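Undergrad: Have a look; sequence and predicted model below, questions after that.
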Amino acid sequence: MGKIILTGDRPTGRLHVGHYVGSLRRRVELQNSGEYDEIYIMIADAQALTDNADNPAKIRNNILEVALDYLACGLDPEKSNLFIQSQIPQLCELSFYYMNLVTVSRLQRNPTVKAEIQLRNFETSIPVGFFTYPISQAADITAFQATTVPVGEDQLPMLEQTKEIVRKFNAVYGETLVEPDVLLPDSEICRRLPGTDGKAKMSKSLGNCIYLSEEPQEIRKKIMSMFTDPGHLKITDPGKIEGNTVFAYLDAFCRPQHFQQYLPEYANLEELKAHYQRGGLGDVKVKKFLNAIIQEELEPIRARRKAYEQNLDYVYEVLREGSRRAKEKAQETLEKVRASMRIDYFADRALIREYQNRS
Ligand code: ATP
Ligand code: MG
């Protein structure tokens with residue numbers, strides 16, 4: 001069995017640094033490792049419509065934005081298939097069969113669904129499509145026979161749900177689907193990067209993001225007004241690291257060489273943190289350091305993005321070709337699924353043969 005990656009993002013906005021540390025950076029490394037036989041990166045427009053049905057223009061407008069972010073980060077269409085979910089109708093059919101293998105109460109217990117229902121104030125009016133999106137996510141993953149799914153922590157309950165569906169399907173219809181492994185970032189902070197407002201998760205829907213394509217002045221403004229320790233009023237006050245977003249971002253982005261380059265009076269992040277906790281280190285100095293690091297990381301991404309913006313025909317073709325290949329793969333899986341479920345009625349005149357054998 002080959003090693004296959006499937007992962008993706010909802011086109012609900014441009015991609016942000018949470019996506020970058022949570023999944024995007026890792027995808028590019030995995031892609032370039034040469035260890036994977038096939039890589040599928042999905043722009044999940046159909047999933048995004050489950051909670052944006054009344055605003056299809058938003059989803060449509062963000063498809064190229066996300067594709068540009070992908071290419072800017074180093075996803076390479078020669079190695080990874082970049083595709084659009086809604087262009088693969090096989091995914092709907094798979095979802096339809098998987099729906100029979102999941103109970104309503106199991107979906108209601110899914111922690112991510114619960115949290116997102118609350119976030120969107122859906123309590124009394126949950127769209128059915130939104131409620132069942134963990135099932136469609138199982139279809140996305142299994143359609144490509146993915147062995148590896150690199151995602152942020154909020155996706156863990158989705159992967160659990162997918163594994164349950166795979167086990168159930170294989171138990172009922174015979175060994176057909178591949179059970180995927182989730183790949184979380186090694187560092188805990190990268191699994192769920194907080195928002196610039198200190199909220200638990202940077203999220204397009206919450207508007208607390210630093211976008212990958214953001215201009216330098218904007219990034220600086222966001223970093224300088226970022227949430228720190230509200231008790232750290234004077235420079236001499238001892239400060240808290242816990243819950244301090246600036247230090248959370250340093251954990252995600254800072255490497256030892258950044259100190260030699262931008263803050264040589266400290267050897268490493270531990271020393272900087274210790275000074276902050278002792279008192280005597282101001283927020284502004286730490287924020288300026290963070291700003292220098294993030295600017296350095298995002299500068300080449302922004303430059304590459306601008307170059308691709310000049311060549312949208314190319315980006316469009318990448319998506320078209322990626323979608324074509326993704327569709328082929330999904331069709332292959334769908335045929336296996338139909339055969340296992342014995343709903344491949346017109347293959348080899350099976351229905352007639354079996355009828356005759358019975359009588
Ligand atoms: P939305 O608000 O529309 O749900 P989002 O910002 O949560 O958007 P998604 O497209 O849902 O982004 O997530 C795409 C991928 O990025 C998933 O693998 C998810 O786990 C990861 N991800 C999203 N936000 C973060 C974050 N703040 N930290 C780490 N990973 C993240
Ligand atoms: Mg999300």
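TA: Good, I have the coordinates. Ligands and ions are numbered 1, 2, ... in the order given.
Undergrad: isn't residue 79 right up against residue 33?
TA: No: contact criterion CB atoms under 8 Å: residue 79 and residue 33 do not qualify, at 10.2 Å. Placement of C-beta: from N, CA and C, glycine included.
Undergrad: Between the two, which has more neighbouring residues?
TA: Each of residue 79 and residue 33 has its neighbours counted (other CB atoms under 10 Å); residue 79 has more, 14 against 8.
Undergrad: The residue in the stretch 151-300 of the chain positioned nearest to ligand 1: neighbouring residues, count only.
TA: Using CB to the nearest ligand atom, the closest approach of the stretch 151-300 of the chain to ligand 1 is made by residue 152 at 2.5 Å. A count of nearby residues for residue 152, using other CB under 10 Å, gives 20.
Undergrad: One more: residue 278?
TA: By other CB under 10 Å, 11 other residues sit near residue 278.
Undergrad: Ok, the one 4 residues further on next?
TA: By other CB under 10 Å, the residues close to residue 282 number 15.
Undergrad: pLDDT wise, what is it at?
TA: Looking at residue 282, its pLDDT reads 94.
Undergrad: Check whether it really touches residue 235, as I assumed.
TA: Yes: Residue 282 is in contact with residue 235 according to CB under 8 Å; the separation is 4.3 Å.
Undergrad: give the contact list for the residue nearest to residue 315 when sequence neighbours are not counted.
TA: Excluding its sequence neighbours, the residue lying closest to residue 315 (CB to CB, 6 or more residues apart in numbering) is residue 67, at 5.2 Å. When contacts are counted by CB atoms under 8 Å, 6 or more residues apart in numbering, residue 67 touches 43, 82, 315, 318, 319.
Undergrad: so which strand or helix has residue 67?
TA: Residue 67 belongs to helix 56-73 when elements are defined using DSSP states H and E.
Undergrad: in that helix, what counts as buried?
TA: Within helix 56-73, the residues scored as buried using 16 or more other CB atoms under 10 Å are 59, 62-73.
Undergrad: Please enumerate the helices of the stretch 1-150 of the chain.
TA: 17-19, 25-33, 45-49, 56-73, 90-98, 104-109, 111-119, 128-131, 133-143 (DSSP state H, counting those that start in this stretch).
Undergrad: and the shortest one, what other elements does it pack with?
TA: Using 3 or more CB pairs under 8 Å, 6 or more residues apart in numbering; DSSP states H and E as the contact criterion, the secondary-structure elements in contact with helix 17-19 are helix 245-253.
Undergrad: No further questions, thank you.
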